[in-house]
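Undergrad: Sharing a model prediction with you, sequence too.
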Amino acid sequence: MSATQSNSLPLWVQDRDTVIAQSTDAEWRYQTPPDYSRSKENLAQESICNHLEGTLEAIVQNLVRTFEMEASFKSDPQQWLSVVSDKFRVTTNGGVEYTAAELGVAGTYNLFMADSQHYKASEEDFESSGKIFHTTFPEGFPWELLEVFSGPPNVTFKWRHWGHFNGSYKDFAGTGEMVEVIGMSIARVTDDLKIVSLEHYFDNTLFLDKLTAGGKTTTSKLTANEKQGNGQEKPTFLGIIKRLLNWGEKQVISEPPASRCPFSALLR
């Protein structure tokens, strides 16, 4: 497809930088438009797909990247070009359904992760969730489309997220390894390719297993005895009695299971 033909496509399925440049009246969450320079460098070096401009794969990839950009950086959902804002709904692994307004408040990370043993979406907001994963992947967490299985109006596609775990995830140490997430999504779109609904499926248990594989950081490993030695915790008579009564018994802590993708076997 020529550049002229590409420019005849709706703006929201063109290159993400083109959408940003044309969004002159947008209310940006951080006052200025986002800069995807580092993301483009990562994509150039580590993408495994190179979709030809104008193909269905390139169009869908552009649409999803535009949606992610708008949900993350445009504070007013009414200005999101990529979706039908008053009808839009999005879910992950069949979980909580978010409207555009709710997604703008909660953030895309909370949508993706939900509540599990190692992540509590219900306790995080847009800013705190973003800080957690920006700290985890300080060099970025790019996204690319791998394959499209069906075209409009029900676009089904496979995708890949990845990043180098060079930071830390909460109180878990980084491993320095590349962490990759493979998922599938279904986007229901209008005739002019705006998203009406979006369903994501991926194994977030496997993802969190990778983020906790490095073990707790040194500062988080203080035991009760160490805290006591540092004057942070003083023994009590009742506490000593409880320890004696429970000596040798193994305590079992019940944690809620993470939400595992129902299609995880298909994604490997």
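TA: Received the coordinates, thanks.

Undergrad: where are the low-confidence patches of the stretch 1-150 of the chain?
TA: Counting by pLDDT under 70, the stretch 1-150 of the chain shows low-confidence ranges at 1-7.

Undergrad: at 80 instead, please
TA: The model of the stretch 1-150 of the chain has pLDDT under 80 over residues 1-7, 114.

Undergrad: And the strands in the stretch 51-200 of the chain?
TA: Assigned by DSSP state E, counting those that start in this stretch, the strands in the stretch 51-200 of the chain fall at 89-92, 98-99, 143-150, 154-164, 168-169, 172-173, 178-189, 195-202.

Undergrad: name the helices or strands packed onto the third one?
TA: Meaning strand 143-150. In this structure, strand 143-150 makes packing contacts with helix 56-73, strand 154-164, judged by 3 or more Cβ pairs under 8 Å, 6 or more residues apart in numbering; DSSP states H and E. Heads up, the C-betas are built off the backbone N, CA and C, glycines and all.

Undergrad: Select, out of the ones you listed, the one closest to A21.
TA: For those, the distance to A21 is smallest for helix 56-73, at 12.0 Å, taking Cβ to Cβ.

Undergrad: How far off centre is the closest one?
TA: Relative to its chain's centre, helix 56-73 lies at 14 Å (Cα atoms, centre = their mean, to the nearest Å).

Undergrad: which of the residues in that helix are buried?
TA: If you call a residue buried by 16 or more other Cβ atoms under 10 Å, then helix 56-73 has these buried ones: 57-67, 69-73.

Undergrad: what's the answer for stretch 17-31, then?
TA: Neighbour count says stretch 17-31 has 17, 19-20, 23, 26, 29 buried, by 16+ other Cβ under 10 Å.

Undergrad: Number of residues surrounding E177?
TA: For E177, the neighbour count with other Cβ atoms under 10 Å is 12.

Undergrad: wait, doesn't it sit right on N166?
TA: No. Applying Cβ atoms under 8 Å as the test, E177 and N166 come out as separate, 9.2 Å apart.

Undergrad: so how far is V196 from the closest residue to T18 other than its chain neighbours?
TA: Once flanking residues are discounted, T18 sits nearest to L11: 7.1 Å by Cβ to Cβ, 6 or more residues apart in numbering. Distance from L11 to V196, counting by Cβ to Cβ, to the nearest Å: 18 Å.
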